[in-house]
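Fold the following for me, if possible:
(3 chains)
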Amino acid sequence: MTKHKLLSLGHGLFLGFIALIIIFPFYWMIASSLKTENQIFQLPPVWLFKPHFASYAAAIVNDNILRALLNSLIVTVGAVALGIAVGAPAAYGLARYTFRGSSQIQFWYVTNWMLIPVVVLIPFYLLAANLRMIDNPIVLILIYQTFVVPVVVWLLVDQFRAVPIALEEAALLDGMSKFGIFLRITLPLTVPGITVAAILAGIFAWNDLLYAFILTPGTDARTAPTVMMSYLGGYIIPWGRVMASAVMITGPVVVGGIAINKYIARGLTLGAVK
Amino acid sequence: MKPSVKSLLLGSACAAAVLGLAPNAHAWSLQQAAAPYKGETVTVVGLDRPSYKAAQKLTPEFEKETGIHVKWVTYPYENSLKAETLNFVSHSGQFDAILSDVVWPVDFTKANWVVPIKDFMANKDLADPNIDVKDFFPVWRHAFTIKGQLVGLPFDSYAGLLYYNKKILKEHGFSGPPKTWNELLTDYAPKLYDPAKNLYPYALQSARGETQTADSFTRFLWPWGGRYFDAATKKITLDSPEAIAGETFRQKLIKFGPKGIIADDHSQVVQLMGQGQLAMVTEWSAFYTTLTSSKAGPDIAVTTEPAGPKGQYSAFGGFAYMVSAQVPKKTQDATWLFIQWLTSKSMAKPLLENGAVVARASADTDPALQAKYPYLAPMVKTWEHGSVPDWRPQIACYPYFSELVSQYGSNIETGQYTVPVGLKKLSAKLQHYMNSTGCWNSINVPKH
Amino acid sequence: MTEPTLHEVKVPRIRQWEPWFFVGPSLLLLLAVGLYPTVFVAYFSFHNWTMGMGPPVFNGFDNYIETLTSSDFISSILRTFLFLIVTLPIELCLGLSIALALDQTRNAWLRRLVQILLVVPIATTPSVVGMLVQLMFNTQLGVVNYGLHVLGIAPIDWLGNAHAALGMVMMTQIWEWTPFVALVLSASLATVPQDIEEAITLETESFWARFRYIKLPFLRPGLVASIVFQTIFTIKTFDMIYSVEKGGPGDATQMIALHIERIAFRGFDVGLASAESVLTLIVTIVLAQTVVSFLYKDEV
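Numbers count the residues shown, from 1 in each chain, chains lettered A, B, ... in the order given. Presented below is the predicted three-dimensional model:
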């Protein structure tokens, strides 16, 4: 029994250490956003201080961060909705049918994800510019499909496979169409998996810097990570403001991630279900 | 110096334009000139720097007087070129007033992306008879004169200056700042180096990117007699003994700087200076307000950059506004009216008072302003005697050229290569790049 | 129509268009969005085209020759591999340890907390991570060097020293992506049937035996997925490194994506950037497919 206790103490210490490593930079970001410029660089660090919200006010007023957050939200929701709308049926098709080329197609989805964004940017920019669509969120929603669809397909194929085929057969006997079965029987059973796929794809879309930077550079169209980058070009890096923006940018995604946390174990099986 | 035929022609063309318009001078007014363009919107590229903040603050005056709307789009420096080039290549017409760094005009004009200034100057309805182009310092006019044509109106113009902390220098027995780089290294640096007390004599901002090329590498090239290339023989000359001497000096100097300085950009150096941890720093004139309003601000004074063994060649940088050739004629005219107004003699003083730096001699040499802004006198002195317009090469392929310089310059600074080896590698790389792109044919040789 | 049988659902002979009904829309969308740029890039990789320097001119394999003889391309690729080879095993080992510890621990509260926290690094915007790294690793004023100082270790010039800078971005990459591996492997471990695990626990006390024969087969798909994902993420890494110090000092942290970005958006050399992109894409695909086939080989 002592061996067990020792082991479980070891697990506890290890996990506690991991938790600390994960949380510290995040804590540092929040703390810095609430410190004055002088306190940020004070060493030894100021652990106790009166929270100072001026950085948030400045980020909101000077950097129009709220507008950027709204733009990010529009683009993210649009990209994920489109990706799920086309990706979920595709995953279902790959899960339920074995046909000529199906495994190649499955791999091809992932190939799209391997495209280095820089590469895709020039042709996409020129095309968007010709169509007068620079600064239009639709451009981002479309280009984000190069990674949203692969994420959705990869994650959902497994989820659909896990749904017992007997359920579908019963519905087929009742005269339901194949698409009806997909929509009304299988889809509702995979909501947790779809949520995970949506949040994960949403995180990637929300966090994208490079595409957004080139395709929607305008002051009114730029997304939140672009604001981050704009601090690098100034003469002075206003660290308080940078960190306040950072908190506002990462806040929604982190909260979203934590919200679906309990589904993640079920959603990220990635081929473990046979 | 012998004036070239081209510049004589240009000079007389300008003079003729001014003289020709003189009788009508009283008749021209911005309000009248702008009347046909009421309701137009002009999109202006700006940066997140003090001069643009000042300009944005004053822009409503222009809008009120003309009825032309001005929309500012702000980019980080490193991305403004990316945005503008893509805009031109794709003909997307996003920007009307184009911001050009002193190293980009060859690029922008070669492809006919911008309208030559003379097109507007020749138009009596558009050209302000008081524009007085000659009032821009010669070095600035020359920097933006490509093939004999003025292509932009200077705005946000910098000279490299030496900022020093009077109090720290005095405490260590120095009555004033060093006059030469050698003095700085041999006399000042050892006495001011006290890492235990967080005191360093000098810090050199060297972050990879344009900061490494302009603020760090080139700063130690010209004063030792080094040059980037020989235009006549189309040879890169960065492995010359002079260039090696200059960059070797830089290596000796950075030993006295704080650790980590190789990665630091303007912001970190200015921060250290502002906190009183540095005795000296070489920075752009545009930083005057930021530095003097810092914690150590009251002790900070400013003078010209030290001279090298081959004379004084201070850092030279800044911008000009140009008119995009890819937008409708009417928008171009409205854009011209805006940039003409922004860079005009009468706007120089209000801009200056709002924190901008301008290249207008009438304002910069104004005794009252000089008394109020101590950076003006050394800045004027630098532009008149210690600057060259092609301090960084004026070539069409400058951006990538500079990338290579910054990569190898930074590698030399970290000690990955010794100075001669690194410069040899860099020269070979640049030589190959210039040969393979045919960029040699684009060199602009401005008047000095 | 006869009533469908189980056989028909699995291998429909008559209605061959059926799977395409499901797969089709996404294929069309990806062809429209992903294929156009790929074809464009492939096409211009055979052209000499620098934006603003005249129209594209066909130049055969010149760009490929230039790329393969350029020390910058080769060193960026090798550096990216080094980055991958160092970070991936650490991420896998650490991620697996976390997943196993989560599986074993009896402290439900701690398990819950760590599970929640694992999402944080994944969700944190990489450009924010980059800025945060700049702040925390600052040589003079950063909290990391302060921590080392408290432990009696001399300050490290994280941003100015080539080796330290590479180490720093590696650590950051590991911080960002280990939790992803841990979550995936946790999910895989959750698929191990309870009854089998209980049965084997009665059979043997050996942790290793239980791991090797019971858990590993269930972990395999998660491991494959982690390796493929991490390979893709690592080769694509741009935002974080760019916002730390743009690939510097020197070229110490210049990965392939940063190198291509420089050629494309500083040099505007579309031809050269395209050739480098094509080569990189080929390398990535070959790598990912090798991983997949190698790891699935002995399973069937």
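
quick one: pLDDT of the spatially closest residue to C:A288 that is not a sequence neighbour?
The shortest distance from C:A288 to any non-neighbouring residue, by C-beta to C-beta, 6 or more residues apart in numbering or on different chains, is to C:V228 (5.4 Å). C-beta: built from backbone N, CA, C; applies to glycine. Note for C:V228: predicted pLDDT of 82.

And B:M1, by the same measure?
If you check B:M1, the pLDDT there is 44.

Need the mean per-residue confidence for the helix or strand harbouring C:S186.
Using DSSP states H and E, the element containing C:S186 is helix C:162-189. Mean per-residue pLDDT for helix C:162-189: 92.

hang on, the earlier thing: tell me which other helices or strands the host helix or strand of the residue nearest to C:A288 touches.
C:V228 is located in helix C:216-236, with elements delineated by DSSP H and E. Packing contacts for helix C:216-236, counted by 3 or more C-beta pairs under 8 Å, 6 or more residues apart in numbering or on different chains; DSSP states H and E, involve helix A:102-114, helix C:71-104, helix C:162-189, helix C:256-265, helix C:270-297.

Pick the most buried one from these.
Comparing the helices and strands packed on helix C:216-236 by mean neighbour count (mean count of other C-beta atoms under 10 Å in any protein chain shown), helix C:256-265 ranks first with a mean of 25.

any idea how far chain A is from B:T304?
Here the criterion is C-beta to the nearest C-beta, to the nearest Å. By it, B:T304 lies 21 Å from chain A.

mind listing what the nearest residue to that residue once chain neighbours are set aside touches?
Once flanking residues are discounted, B:T304 sits nearest to B:P378: 4.6 Å by C-beta to C-beta, 6+ apart. Applying C-beta atoms under 8 Å, 6 or more residues apart in numbering or on different chains, we find B:P378 in contact with B:159, B:161, B:302-304.

Kindly report the same for C:L113.
Neighbouring residues of C:L113 by C-beta under 8 Å, 6+ apart: A:A19.

and the angle for the helix or strand containing it with helix C:71-104?
Here C:L113 is covered by helix C:108-123, with elements defined by DSSP H and E. Relative orientation of helix C:108-123 and helix C:71-104, computed by axes from the mean of the first three to the mean of the last three C-alpha atoms, to 10 degrees: 160 degrees.

and helix C:108-123, C-alpha only, in PDB?
What follows is helix C:108-123 as a C-alpha-only set of coordinates in PDB (Å, rounded to 0.1, in the frame of the first residue of the first chain):
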ATOM      1  CA  ALA C 108     -10.200  13.600  -9.200                       C
ATOM      2  CA  TRP C 109      -9.900  17.300  -8.500                       C
ATOM      3  CA  LEU C 110      -6.400  17.500  -9.800                       C
ATOM      4  CA  ARG C 111      -7.300  15.500 -12.900                       C
ATOM      5  CA  ARG C 112     -10.100  17.800 -13.700                       C
ATOM      6  CA  LEU C 113      -7.900  20.900 -13.200                       C
ATOM      7  CA  VAL C 114      -5.200  19.600 -15.400                       C
ATOM      8  CA  GLN C 115      -7.600  18.500 -18.100                       C
ATOM      9  CA  ILE C 116      -9.000  22.000 -18.200                       C
ATOM     10  CA  LEU C 117      -5.600  23.600 -18.200                       C
ATOM     11  CA  LEU C 118      -4.400  21.500 -21.100                       C
ATOM     12  CA  VAL C 119      -6.700  23.400 -23.300                       C
ATOM     13  CA  VAL C 120      -5.100  26.800 -22.400                       C
ATOM     14  CA  PRO C 121      -1.800  26.600 -24.500                       C
ATOM     15  CA  ILE C 122      -3.600  25.100 -27.500                       C
ATOM     16  CA  ALA C 123      -6.100  27.900 -27.500                       C
END
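
Next SSE downstream of it?
Following helix C:108-123 in sequence, per DSSP H and E, is helix C:126-136.

got the buried residues for the helix or strand just after that next one?
Using DSSP H and E, the helix or strand that directly follows helix C:126-136 along the chain is helix C:143-150. Applying a neighbour-count criterion of 16 or more other C-beta atoms under 10 Å in any protein chain shown, the buried positions in helix C:143-150 are C:143-146.

can you list the residues you listed in a markdown table and add distance to chain A and pLDDT?
Converted to a markdown table, those look like this (distance: C-beta to the nearest C-beta, whole Å; pLDDT from 0 to 100):
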| residue | distance to chain A | pLDDT |
| --- | --- | --- |
| C:V143 | 6 | 91 |
| C:V144 | 10 | 93 |
| C:N145 | 9 | 91 |
| C:Y146 | 5 | 91 |
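
mind checking the SS state of B:G160?
B:G160 falls in the strand class when you classify it by DSSP: H, G, I helix; E, B strand; the rest coil.

how far away is A:W206 from chain B?
According to C-beta to the nearest C-beta, A:W206 stands 21 Å off from chain B.

ok, back up a step: make a markdown table from the contacts of B:P378 and add neighbour count and pLDDT to it.
Below are those laid out as a markdown table (neighbours: other C-beta atoms under 10 Å in any protein chain shown; pLDDT from 0 to 100):
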| residue | neighbour count | pLDDT |
| --- | --- | --- |
| B:A159 | 28 | 96 |
| B:L161 | 26 | 96 |
| B:V302 | 22 | 96 |
| B:T303 | 20 | 96 |
| B:T304 | 21 | 96 |
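
got the helices and strands packed on helix C:216-236 as JSON lines, with distance to B:V44 columns?
Converted to JSON lines, the helices and strands packed on helix C:216-236 look like this (distance: least, C-beta to C-beta, whole Å):
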{"stretch": "helix A:102-114", "distance to B:V44": "38"}
{"stretch": "helix C:71-104", "distance to B:V44": "36"}
{"stretch": "helix C:162-189", "distance to B:V44": "37"}
{"stretch": "helix C:256-265", "distance to B:V44": "22"}
{"stretch": "helix C:270-297", "distance to B:V44": "28"}
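
B:T248: which of the ones you listed is closest?
Judged by C-beta to C-beta, the one of the helices and strands packed on helix C:216-236 that comes nearest to B:T248 is helix C:162-189, at 19.7 Å.

Let me know the helix or strand that residue 26 is in.
No chain was given, so I picked chain A. Assigned by DSSP H and E, A:F26 belongs to helix A:2-33.

hm, I was asking about chain C
Taking DSSP H and E as the definition, one finds C:S26 inside helix C:18-30.

can you tell me the residue of the stretch 1-150 of chain B closest to chain A?
Per C-beta to the nearest C-beta, B:P76 is where the stretch 1-150 of chain B lies closest to chain A, at 2.1 Å.

Do you know the pLDDT at that residue?
83.

cool, B:A231 as well?
B:A231 carries a pLDDT value of 92.

Any regions of chain B where pLDDT drops low?
Judged by pLDDT under 70, chain B has its weakly predicted residues at B:1-26.

If we use 80, what do you get?
Scanning chain B for pLDDT under 80 picks out the ranges B:1-27, B:78, B:260-261.

Check which residues of the longest helix belonging to it are buried.
If you go by DSSP state H, chain B has its longest helix at helix B:419-437. For helix B:419-437, a neighbour-count test (16+ other C-beta under 10 Å) marks B:419, B:422-427, B:429-431, B:433-434, B:437 as buried.

I'd like those written out as a markdown table, with distance to A:I258 added.
Shown next, in a markdown table, are the buried residues of helix B:419-437 (distance: C-beta to C-beta, whole Å):
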| residue | distance to A:I258 |
| --- | --- |
| B:V419 | 53 |
| B:G422 | 49 |
| B:L423 | 53 |
| B:K424 | 55 |
| B:K425 | 50 |
| B:L426 | 50 |
| B:S427 | 55 |
| B:K429 | 49 |
| B:L430 | 51 |
| B:Q431 | 56 |
| B:Y433 | 50 |
| B:M434 | 54 |
| B:T437 | 51 |
